[in-house]
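Visitor: Below are the sequence and a predicted model; questions follow.
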Amino acid sequence: QKYYQKHQQDANSEPISEKSFKRVMSELMEWQEQRFFNKDVRSKSHLADHRVKVKVLTKFFWDKLKRNVNEITEDDLEQYRIWRKKQPRKIGSTYTNDQPVLDKTVHGDFITLRQAMKLAKRKGWIYDLPLFPKLKIENRYRSWFSLEEYKKLLYSATKFIRESPDKRIRIMREDLRDYILMMSHTGCRVEEMLAVTVRDCTIKRGDGTQRNDYMLLRVDGKTGRREALGMWGAVRAYTRIVERHKKNPEDKLFNRNPRWQLAELLKQTPGINTPNLRYDQDGRRRDAVSFRHYFIMARLLHGKLD
């Protein structure tokens with residue numbers, strides 16, 4: 001039966017090679033790593049995100065179904081959506097079955113899967129892509145900080161530094177405060193900031209007073225390469241980081257993502273109308289992404305804008 005199936009595929013000018021799903025996902029990761037090596041993608045978090053999605057997709061389509069890439073059907077994709085939503089959802093550093101996996105997460109998995117299928121098509125392993133299920137993505141408001149909450153966070157970060165038990169912890173907490181200042185005074189995305197190097201930042205002098213100094217940053221993220229404007233707070237944070245670690249021009253400004261330190265700081269900082277700053281009044285979680293929204297809202301509410 002397989003012989004006649006291949007004969008029919010050959011007659012229709014369709015690909016007749018069979019590649020396992022696991023092999024295709026391996027090829028996808030090699031391609032993504034090559035893009036990172038060529039600096040088409042500068043963020044390590046981009047690679048890490050793909051690795052997580054590849055692991056989950058392989059668990060279903062290869063470990064569970066044993067599918068070759070040319071055997072994946074629209075029904076398989078629908079079955080994956082149902083299976084994925086029943087998997088434990090990661091919240092922070094723990095997994096829980098209390099809350100279902102969001103369609104937004106499944107949508108992200110399908111983006112990676114679609115890239116793998118397109119790669120297989122380019123290599124001649126499949127004839128065409130199956131039709132992916134349509135997912136209803138719920139639009140959610142981004143959590144942010146009011147000016148009063150932001151001031152409390154900076155005060156808490158400074159207090160956090162004074163209470164450091166040793167020099168190593170103190171340096172980590174100083175880096176955290178400067179990370180907060182860089183994020184909230186540039187409006188950069190998290191992956192953009194983590195990819196910024198020292199040479200990507202240029203300090204510009206204002207009209208003679210330090211508080212009018214600003215900086216330009218060359219950033220690279222999901223919208224491509226662009227130039228971002230850093231305000232006076234970013235200039236101070238940048239200068240301290242470079243001096244503290246004696247960084248070279250090719251060094252990254254931040255060597256790691258301080259997400260867990262930030263989460264602890266938010267939990268320990270009392271809120272205005274909430275027990276702490278980790279969640280806002282509507283129960284939305286705050287994290288490093290909230291600083292970008294704060295940057296925009298602060299300029300609109302308190303900046304000199306028409």
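Guide: Yes, it's here.
Visitor: Let me know the average pLDDT across whichever helix in the chain runs longest.
Guide: Secondary structure of the chain per DSSP state H: the longest helix is helix 103-122. For helix 103-122, mean pLDDT rounds to 91.
Visitor: Please apply the same query to stretch 75-89.
Guide: The average pLDDT within stretch 75-89 is 90.
Visitor: Could you give me the buried positions within it?
Guide: Neighbour counts over stretch 75-89 (16 or more other CB atoms under 10 Å) mark 77, 80, 81, 83, 84, 89 as buried. C-betas here are computed from N, CA, C, even on glycine.
Visitor: so where's the stretch 51-200 of the chain shaky on pLDDT?
Guide: Residue ranges of the stretch 51-200 of the chain with pLDDT under 70: 90-98, 138-139.
Visitor: just the helices in it please.
Guide: 74-85, 103-122, 147-162, 167-184, 190-195 (DSSP state H, counting those that start in this stretch).
Visitor: in the third one, what's buried?
Guide: What that stands for is helix 147-162. So helix 147-162, judged by 16+ other CB under 10 Å, has buried residues 149, 150, 152, 153, 156, 157, 160, 161.
Visitor: And for residue 164, nearest residue in space, chain neighbours not counted?
Guide: Excluding its sequence neighbours, the residue lying closest to residue 164 (CB to CB, 6 or more residues apart in numbering) is residue 170, at 3.6 Å.
Visitor: isn't that neighbour right up against residue 161?
Guide: Yes. Judged on CB atoms under 8 Å, residue 170 makes contact with residue 161 at a distance of 6.1 Å.
Visitor: ok, the residue lying closest to residue 230 once chain neighbours are set aside - how many residues close by?
Guide: Counting by CB to CB, 6+ apart, residue 215 is the residue found nearest to residue 230 once chain neighbours are left out, at 3.9 Å. Residues near residue 215, counting by other CB atoms under 10 Å, number 22.
Visitor: Next one, pLDDT for residue 215 please.
Guide: Residue 215 is given a pLDDT of 93.
Visitor: where does it fall, helix, sheet strand or coil?
Guide: strand (DSSP: H, G, I helix; E, B strand; the rest coil).
Visitor: For it, give its distance to residue 221.
Guide: 17 Å (CB to CB, to the nearest Å).
Visitor: ditto for residue 164
Guide: 32 Å.
Visitor: So if I had to pick from these two, which one is more boxed in?
Guide: residue 221 (20 against 14).
Visitor: Done for today, thanks.
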